[in-house]
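1. I would like to see how this sequence folds:
(one chain, ligands or ions: 1)
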Amino acid sequence: MGKGDRHPKKDVEAALKRAEACGLKVLHKQNGHNWGYLICCPCSESVRISCTPRSAGTEAKSIDEFTRDHRGHV
Ligand SMILES: [Zn+2]
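-> Below you'll find the predicted structure:
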């Protein structure tokens, strides 16, 4: 992620950093309530990241789950 691509919720931001550290791609593409995507390039799967999640903890958990499922693919 480049400068200015930080997620406003620190729990989500931390999960995105963990995902990046595992080689997954974080795409910041702001569009309304949509913050961007977390992408596993080898299998083209992605998860949408909300800018205003109802629960930052739940959003972070789903990012961590995606990371755990795909960390071996990159
Ligand atoms: Zn994958």
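2. and the chain, which of its residues are near the ion?
-> 40, 43, 70, 73 (Cβ under 5 Å from the ion). C-beta: built from backbone N, CA, C; applies to glycine.
3. at 8 Å what do you get?
-> 40-43, 45, 69-70, 72-74 (Cβ under 8 Å from the ion).
4. buried ones among the residues you listed?
-> Buried members of the residues of the chain next to the ion, scored by 16 or more other Cβ atoms under 10 Å, are 40, 70.
5. what about the strands in the protein?
-> Taking DSSP state E as the criterion, the chain contains strands spanning 25-31, 34-40, 45-50.
6. wait, residue 20 touches residue 26, no?
-> Yes - Residue 20 is in contact with residue 26 according to Cβ atoms under 8 Å; the separation is 5.5 Å.
7. okay, the two: which has more neighbours?
-> Each of residue 20 and residue 26 has its neighbours counted (other Cβ atoms under 10 Å); residue 26 has more, 19 against 14.
8. any idea what the more buried one is bridged to?
-> Beta-bridge pairing for residue 26 (DSSP bridges): residue 38.
9. is it true that it touches residue 16?
-> Yes - using Cβ under 8 Å, residue 26 is in contact with residue 16, at 5.2 Å.
10. ok, which stretches of this protein are helices?
-> With DSSP state H, the ranges of helices along the chain come out as 10-21, 56-70.
11. okay if I get those as a markdown table plus mean pLDDT and distance to residue 50?
-> Formatted as a markdown table, those follow (pLDDT from 0 to 100; distance: least, Cβ to Cβ, whole Å):
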| stretch | mean pLDDT | distance to residue 50 |
| --- | --- | --- |
| helix 10-21 | 97 | 8 |
| helix 56-70 | 98 | 6 |
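12. what's the closest non-adjacent residue to residue 53?
-> Nearest non-adjacent residue to residue 53, counting by Cβ to Cβ, 6 or more residues apart in numbering: residue 59, 3.7 Å away.
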